[in-house]
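Chemist: sequence and predicted structure are below.
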Amino acid sequence: MPEDTFRAIVIHPFEGKGRGELKLSVGDIVKLHDYKEGKDWWSGTIGGEKGRFPSYFVRRSADIPDNEAPEIILKVAKAIKEFKSDGVDELSLSIGDIVCVTASGEGWYVGCKMGTTMEKFGIFPMDHVSLLSKEELLKKK
């Protein structure tokens, strides 16, 4: 399968203000051009605009058709275990932190801490948080 048939869904916004950087909005579909697992930056195209972006802001899929809107997870969870990040793409958690979950895969969630800037965004283990029900969310308001 040619490289340009691979696509990714944007799971975190990125302003892309630097030279050659691609602006990303949650839910955008990116046609991938230069990507390798483990690399921090990939390149791709959205609507004719080409540029580079942080690889951990997208989720790769070869199965996203050109015109199909992807499903995005938007859930809220509470940290039940402490998690210390080991890398730039991981989100440290303290017990009681409230996080917005935007995607999941292989034992990890992607998200950000509620009440913080989007710079506090990353991956964290699923077993370190408990998803909150609608009833629990309404109690918090």
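Modeler: Received the coordinates, thanks.
Chemist: make it CA atoms for all contacts and neighbour counts henceforth
Modeler: Fine.
Chemist: so, low pLDDT: which residues of the chain?
Modeler: 1-5, 62-73, 116-120, 140-141 (pLDDT under 70).
Chemist: what's the longest strand in this protein?
Modeler: Secondary structure assigned by DSSP state E gives strand 98-105 as the longest strand of the chain.
Chemist: show me what it is in contact with.
Modeler: Residues outside strand 98-105 that contact it (C-alpha atoms under 8 Å, 6 or more residues apart in numbering): 11-12, 72-79, 109-114.
Chemist: just checking: what are the partner strands of it?
Modeler: With DSSP bridges as the test, strand 98-105 is paired with strand 75-79 (antiparallel), strand 108-113 (antiparallel).
Chemist: how far off centre is it?
Modeler: Computed by C-alpha atoms, centre = their mean, to the nearest Å, the chain-centroid distance of strand 98-105 equals 8 Å.
Chemist: which parts of that strand are buried?
Modeler: For strand 98-105, burial by neighbour count (16 or more other C-alpha atoms under 10 Å) applies to Ile98, Val99, Cys100, Val101, Thr102, Ala103, Ser104.
Chemist: separation between the last one and Arg59?
Modeler: In other words, Ser104. Using C-alpha to C-alpha, to the nearest Å, one obtains 9 Å as the distance from Ser104 to Arg59.
Chemist: go on, the third one?
Modeler: When distances are taken as C-alpha to C-alpha, Cys100 and Arg59 turn out to be 17 Å apart.
Chemist: next one: the fourth one
Modeler: Per C-alpha to C-alpha, Val101 is found 14 Å from Arg59.
Chemist: repeat for the second one
Modeler: Here Val99 is placed at a distance of 19 Å from Arg59 (C-alpha to C-alpha).
Chemist: how about the helices in this protein?
Modeler: Ranges of helices in the chain, per DSSP state H, are 134-140.
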